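In: Need coordinates for the following:
(chains A and B)
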Amino acid sequence: QSVLTQPPSVSAAPGQKVTISCSGSSSNIGNNYVSWYQQLPGTAPKLLIYDNNKRPSGIPDRFSGSKSGTSATLGITGLQTGDEADYYCGTWDSSLSAYVFGTGIKVTVL
Amino acid sequence: QVQLQESGPGLVKPSETLSLTCAVSGYSISRGYYWGWIRQPPGKGLEWIGSIYHSGSTYYNPSLKSRVTISVDTSKNQFSLKLSSVTAADTAVYYCARGSASVNIAATRLIGFDYWGQGTLVTVSS
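Out: I've put the predicted structure just below:
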């Protein structure tokens, strides 16, 4: 199992806001940069957030990232049907010397 | 626009070696970045397999290290994955991706992956 824990699922209505947590430890989130990835059904993951809170070019500002201690959070505002996807956090784990992904969370738009 | 494309057999027999290649276009591997492989078993999460720098320096997931070899061919602008002694547990969609890293004297730490291939399903079965 992964060293980064995410809730298995979250749901909200269109236009609402959701926050997705990623819980780790001092060997990973606590001392390394966090990225977030969106995986639409049947497609490859897509980078949404890097360096804890930066958005790559083309990613709307509805997506935001933050980190506090050994946890990270992805926020999605103005939820759209097109946001239905699996979301993964990822970071380096200094104890494992490995890049690790979170367990993943399925976002459902009601 | 950076593009990555995986290629290789979709079916591998148990105990044999899985071999995949990732062709990169729109960016020269020799300019930098860390080029990696990530896999995803059907219905499950993502697992980092390993990454390589254009110089040939490699970084492997300790859980797979004994079976993994990643190499780079800068003349063809591609990199490859070999996974030996495969079992059904290695059945997955395999993605190649471009990664960034934070580098200092103490260690190299991957930061994340910004460009991904579409993925290729590899099934291990006799």
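
In: how many other residues sit next to residue 4?
Out: Just going to use chain A. Counted with other C-beta atoms under 10 Å in any protein chain shown, residues neighbouring A:Leu4 total 26. Where C-beta positions appear, they are placed from N, C-alpha and C, glycine not excepted.

In: hm, I was asking about chain B
Out: Counted with other C-beta under 10 Å, B:Leu4 comes out at 23.

In: so how far is the lengthiest strand in chain A from its chain's centroid?
Out: In chain A, assigned by DSSP state E, the strand with the most residues is strand A:85-93. Put simply, strand A:85-93 sits 5 Å off its chain's centre (C-alpha atoms, centre = their mean, to the nearest Å).

In: next helix or strand past that strand?
Out: Going down the chain from strand A:85-93, the next helix or strand is strand A:98-101, by DSSP states H and E.

In: Can you name the residues bridging to A:Cys89?
Out: With DSSP bridges as the criterion, A:Cys89 is bridged to A:Trp36.

In: mind checking how far the residue of chain A found nearest chain B is from B:Ser57?
Out: Across chain A, no residue is closer to chain B than A:Ser35, which sits at 3.3 Å (C-beta to the nearest C-beta). According to C-beta to C-beta, to the nearest Å, A:Ser35 and B:Ser57 sit 21 Å apart.

In: Please say which of these two ends up with more neighbours.
Out: Remark: of A:Ser35 and B:Ser57, A:Ser35 carries more neighbours, 30 against 11, as counted by other C-beta under 10 Å.

In: residue contacts, that one?
Out: Shown in contact with A:Ser35 (C-beta atoms under 8 Å, 6 or more residues apart in numbering or on different chains): A:Leu47, A:Leu48, A:Ile49, A:Tyr50, A:Asp51, A:Cys89, A:Gly90, A:Thr91, B:Ile111, B:Gly112, B:Phe113.

In: so what's it scoring on pLDDT?
Out: A:Ser35 is assigned 98 on the pLDDT scale.

In: same question, B:Glu16
Out: pLDDT, B:Glu16: 98.

In: what's the burial count for it?
Out: B:Glu16 has 14 neighbours, counted by other C-beta under 10 Å.

In: Could you measure from it over to A:Thr91?
Out: Separation of B:Glu16 from A:Thr91 (C-beta to C-beta) stands at 33 Å.

In: does the helix or strand hosting B:Phe79 come close to chain A?
Out: The secondary structure element spanning B:Phe79 is strand B:78-83 (assigned by DSSP H and E). No: on the criterion C-beta under 8 Å from any C-beta of the partner chain, strand B:78-83 is out of touch with chain A, staying 15.2 Å away.

In: how much distance is there from that strand to the middle of the chain?
Out: The answer for strand B:78-83 is 6 Å, by C-alpha atoms, centre = their mean.

In: can you pull the contacts of the spatially most distant residue from the centre of chain B?
Out: In chain B, the greatest distance from the average C-alpha position (C-alpha atoms, centre = their mean) is reached by B:Ile105, at 25.0 Å. If a contact means C-beta under 8 Å, 6+ apart, then B:Ile105 has no contacts.

In: How about the secondary structure of it?
Out: Under DSSP: H, G, I helix; E, B strand; the rest coil, the three-state class of B:Ile105 is coil.

In: From chain A, how far out is it?
Out: 14 Å (C-beta to the nearest C-beta, to the nearest Å).

In: Now do residue 30: how many residues are near it, please.
Out: Unless you meant another one, I'm taking chain A. A:Gly30, neighbours per other C-beta under 10 Å, totals 15.

In: actually it's chain B I care about, not the one you picked
Out: Per other C-beta under 10 Å, the neighbour tally for B:Ser30 reads 11.
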